[in-house]
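In: Provided below are the primary sequence and the corresponding predicted coordinates.
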Amino acid sequence: MQSTDIWYLSEMMNYPGVLADDPEILAKIASAHKFGKPVDGHAPGLRGDDARKYIEHGISTDHECVTLEEALDKLKYGMKIIIREGSAAKNFEALHTLLESHPDNVMFCSDDKHPHELVEGHINQLVKRAVVDKGYDLFNVLRAACLHPVEHYKLDVGLLRVGDSADFIVVDD
């Protein structure tokens, strides 16, 4: 975790281990926190007190929410929600209203997207759907697509400030 090319601890899938205070799992989380790295969650269906306990261990995101109710439950305990649109799991339709109700706590991902679909696009497709099809505020959508991931993961890329590198999303309109 001390390596500068490791940005975060990805997908803490063993949420039963987190909830049971498994020492090996907690050591991984503690290592990430020691070096100031966020811990991504992976807790499908987790709600209520179990979600709260999972999040209190310092797990800051989840891309597994399939219902708005689940996402809202995790948001109230301080988690950020990553709206996933992959090849199999597609959660944009269920969660897109978070772009309006919780614009500061939402990001996008294209988890498990097949290569032939990635060639057609990924985050840029979500941006287009959110702005063109759903009519959400352009700047809230761009923050979810670009700014929030950079800030959350402390990525070394531009944020459109003087002296930053340029990063682009290309869309056809």
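Out: Okay, I see it.

In: For stretch 96-104, buried residues please.
Out: For stretch 96-104, a neighbour-count test (16 or more other CB atoms under 10 Å) marks 96, 98-99, 102-103 as buried. All C-beta spots, glycine's among them, are computed from the backbone N, C-alpha and C.

In: Let me fix that, I meant to ask about stretch 80-89.
Out: Of all the residues in stretch 80-89, those buried under the rule 16+ other CB under 10 Å are 80-86.

In: how far does stretch 132-139 stretch from start to finish?
Out: Taking CA to CA, to the nearest Å, the first and last residues of stretch 132-139 lie 13 Å apart.

In: did I read that right, residue 69 in a strand?
Out: No. Assigned with DSSP: H, G, I helix; E, B strand; the rest coil, residue 69 falls outside any strand and is helix.

In: State the pLDDT value of it.
Out: On pLDDT, residue 69 comes in at 97.

In: For residue 94, see how far away it is.
Out: Counting by CB to CB, to the nearest Å, the gap from residue 69 to residue 94 is 10 Å.

In: How about residue 2?
Out: In terms of CB to CB, residue 2 sits 38 Å off from residue 94.

In: Between those two, which has more neighbouring residues?
Out: residue 94 (16 against 8; other CB atoms under 10 Å).

In: isn't there a strand covering the more buried one?
Out: No. Assigned with three-state DSSP, residue 94 falls outside any strand and is helix.

In: Just the pLDDT for it.
Out: For residue 94, the pLDDT comes out at 97.

In: can you offset everything so residue one is 3?
Out: Renumbered: residue one is now 3, and that last one reads residue 96.

In: Would you check that my belief about it contacting residue 69 is correct?
Out: Yes. Using CB atoms under 8 Å, residue 96 is in contact with residue 69, at 5.9 Å.

In: now the buried residues of stretch 98-106 in TSV, with distance to residue 135 and secondary structure?
Out: As requested, these are exported to TSV (distance: CB to CB, whole Å; DSSP: H, G, I helix; E, B strand; the rest coil):
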residue	distance to residue 135	secondary structure
98	9	coil
100	16	helix
101	12	helix
104	19	coil
105	17	helix
